[in-house]
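[1] quick one: sequence and predicted model below, then my questions.
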Amino acid sequence: MKMSIKKGDFIEIEFVGRTYDNKIFDTNIKKEAEKLGRKIEEKTIICIGENMLLKAIDEFLIGKDLGRYNLQLTPEKAFGLRKKELIKIMPSSVFKNSQYKPQPGMLFTFDNLIGKIISVSGGRVIVDFNNPLAGKNISYELNVKSIVKDENEKIKALMRYFFKREFPFVVENKKLIIESEKNYIDFIQLFKEAFKRILNLDLEIKEK
């Protein structure tokens, strides 16, 4: 029986993202991920409509059946166009507290943005804060393996996406009760509305 995907569905998906010169930049397939020096431990489950991969992938999959697809994306639908205003000239003094001396090609994080150093000269550092894939056409090979119905699997998938880890939990009377260390509680609270909107569960947090 065919199962068409709709907004709000949770799906198990495999994917390979490639640039148009056939270089893989992202994947959750173990064999391919190892080539990028990444370790894949969990299957990937996403909620359609929550942009957990790319918005364009969600939009493409709505109405589709399970199976394999190839999606071609222009920069506007992928990681955006390159913007001149995201290339900044910064004084080298910004890096004085860093353990590394700024060098061309080096990546660093500044105000939650990832920048790539383009050049270093005369006390000035030119940094490009554009996404490395900005301005590039890309493609995704997608394999939608299943539509996930199990509530516990959905909760675990959201935890991995929001928190990058899983917490012990139970569901009682439409309430999701998460057990957490004290230092995580305020952070988890930030996602109360998301759990309510996506799973229609009220979130309660208990200190471990």
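    Looks like it came in fine.
[2] can you name the next helix or strand after the helix or strand bottoming out on mean pLDDT in the chain?
    Every helix and strand of the chain was ranked by mean pLDDT, DSSP states H and E. The lowest is strand 107-110, at a mean of 82. Note on strand 107-110: by DSSP states H and E, the next helix or strand toward the C-terminus is strand 113-121.
[3] just checking, what packs against that next one?
    Contact partners of strand 113-121 among helices and strands, from 3 or more Cβ pairs under 8 Å, 6 or more residues apart in numbering; DSSP states H and E: strand 107-110, strand 124-128. Where you see a C-beta, it was placed from the backbone N, CA and C, and this is true even at glycine.
[4] for the longest helix anywhere in the chain, give the mean pLDDT please.
    What stands out as the longest helix in the chain, according to DSSP state H, is helix 151-163. Per-residue pLDDT over helix 151-163 has a mean of 97.
[5] quick revisit: how about the helices and strands packed on strand 113-121, which one is nearest E76?
    strand 124-128 (19.4 Å; Cβ to Cβ).
[6] quickly run through the sheet partners of the closest one, with directions.
    Its sheet considered, strand 124-128 pairs with strand 87-91 (antiparallel), strand 113-121 (antiparallel) by DSSP bridges.
[7] quick check: buried residues in that strand?
    Using 16 or more other Cβ atoms under 10 Å as the test for burial, strand 124-128 gives 125-128.
[8] which of the residues you listed sits closest to R68?
    Taking these together and measuring to R68 by Cβ to Cβ, the closest member is D128, at 35.2 Å.
[9] K174: what's it in contact with?
    Neighbouring residues of K174 by Cβ atoms under 8 Å, 6 or more residues apart in numbering: 200-202.
[10] any idea how far N173 is from the residue located most distally from the centre of the chain?
    Distance from the C-alpha centroid of the chain, by Cα atoms, centre = their mean, peaks at G122 (37.3 Å). As for G122, its distance to N173 is 66 Å (criterion: Cβ to Cβ, to the nearest Å).
[11] same check on I147?
    Distance from I147 to N173, by Cβ to Cβ: 26 Å.
[12] try I155
    I155 is 15 Å from N173, by Cβ to Cβ.
[13] noted, bye for now.
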